[in-house]
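**Q** Structure for this input, please:
(one chain, ligands or ions: 2)
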Amino acid sequence: MSEFLQIRNVTMKFGELLADKDVSFDVPKGMICGLIGPNGAGKTTLFNCIAGYYAPTAGEIFFEGKRISGLPPYRIARLGIARTFQVVRPLKEMSVLDNIMVGAFLHHASAAEARKAAERCLDLCFLEEYRNKPAGDLTIGNKKRLEVARALATNPKLLLLDECVAGLTSTEVHDMVQVIKRLRDEGITILMVEHIMEAIMPIADKIVVLSHGEKIAEGSPSVVVHDPMVITAYLGEKFARKLAEQKAAAGEGGAL
Ligand SMILES: Nc1ncnc2c1ncn2[C@@H]1O[C@H](COP(=O)(O)OP(=O)(O)OP(=O)(O)O)[C@@H](O)[C@H]1O
Ligand SMILES: [Mg+2]
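**A** Numbering: from 1, shown residues only. Ligands and ions are numbered 1, 2, ... in the order given. The predicted structure follows:
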């Protein structure tokens, strides 16, 4: 059993609405884990429970063996968990570098140290050429990578990415995927929510599927995409057909 991130029987209720229902899974260290499922399945709510924005109604979350459910967001951030938001929120008037420095102040008291840390994040997220631009002037693709860089500046061990390629062009999706792989190679564990299967399936080590707040599948991408329950609840017959065609074209050695 992994001692890194453990989600244990997490339930989150909003009044009568059960957003997450008895959800349990582990994210082992060093892994890219995908969290997928239809709109309203409870993915962002689960992120909010992990990052401390909500205290789960029931269940527990452990990070490196320590119970974190119920702790406030700033304490969870200090333990090494950072998250991005589904809707990007840069400080529009401030430069790209200054936006990233805000995150770096979590662990660095001096501006010089925070700048140095921020510059490394700038580089890791392919944002060097925009360092002095106001964040509000960036394209959506660059804003999404800035959102990742801001989270990265808090020096996380675990990064929660909420739909970081939604709305991007295929070139921008490709750039983001390169960034995510670089972060994994740096030793950062990643839990990512995503609807774009082409982005998540090739890089994920493991996929967890939520539907109506419940975990309906968990396993390697190649197993999960062929699960009849996942096809019915989320991927759809069209996706399954496309996959079968791709597999036939690639021979039995196809990626998925
Ligand atoms: N603060 C809240 N108060 C009341 N209901 C909420 C709240 N946050 C989420 N919900 C409800 O909980 C359910 C799960 O929402 P959530 O945002 O977690 O879904 P999601 O899987 O992230 O969906 P999407 O793919 O559309 O982003 C939805 O029915 C949503 O309306
Ligand atoms: Mg969401």
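**Q** what residues does the stretch 101-250 of the chain put near ligand 1?
**A** Counting by CB under 6 Å from any ligand atom, no residue of the stretch 101-250 of the chain lies close to ligand 1. The C-beta positions use only the backbone N, C-alpha and C, and glycine is treated the same way.
**Q** For the stretch 101-250 of the chain, just list every one of the strands.
**A** Here the stretch 101-250 of the chain has its strands, by DSSP state E, counting those that start in this stretch, at 158-162, 189-193, 206-211, 214-219.
**Q** looking at this structure, which helix or strand does the model trust least?
**A** Ranking every helix and strand in the chain by mean pLDDT, DSSP states H and E puts helix 236-250 at the bottom, with a mean of 80.
**Q** Serialize the strands of the stretch 101-250 of the chain to JSON lines and add fields for mean pLDDT and mean neighbour count.
**A** Below are those laid out as JSON lines (pLDDT from 0 to 100; neighbours: other CB atoms under 10 Å):
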{"stretch": "strand 158-162", "mean pLDDT": "97", "mean neighbour count": "25"}
{"stretch": "strand 189-193", "mean pLDDT": "98", "mean neighbour count": "24"}
{"stretch": "strand 206-211", "mean pLDDT": "97", "mean neighbour count": "24"}
{"stretch": "strand 214-219", "mean pLDDT": "97", "mean neighbour count": "18"}
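**Q** And the pLDDT at the closest residue to residue 153 other than its chain neighbours?
**A** Closest residue to residue 153 apart from its sequence neighbours, by CB to CB, 6 or more residues apart in numbering: residue 103 at 3.2 Å. According to the prediction, residue 103 has pLDDT 86.
**Q** Could you measure from residue 103 over to ligand 1?
**A** Plainly put, residue 103 is 23 Å away from ligand 1 if you go by CB to the nearest ligand atom, to the nearest Å.
**Q** For residue 52, what is the enclosing helix or strand?
**A** Assigned by DSSP states H and E, residue 52 belongs to no helix or strand.
**Q** mind listing what the nearest residue to residue 6 once chain neighbours are set aside touches?
**A** Of all residues not flanking residue 6 in the chain, residue 62 sits nearest, at 4.2 Å (CB to CB, 6+ apart). Listed by CB atoms under 8 Å, 6 or more residues apart in numbering, the contact set of residue 62 reads 3, 5, 6, 8, 68.
**Q** right, and residue 48 touches residue 55 too?
**A** No - with contacts counted by CB atoms under 8 Å, residue 48 stays clear of residue 55, the gap being 9.9 Å.
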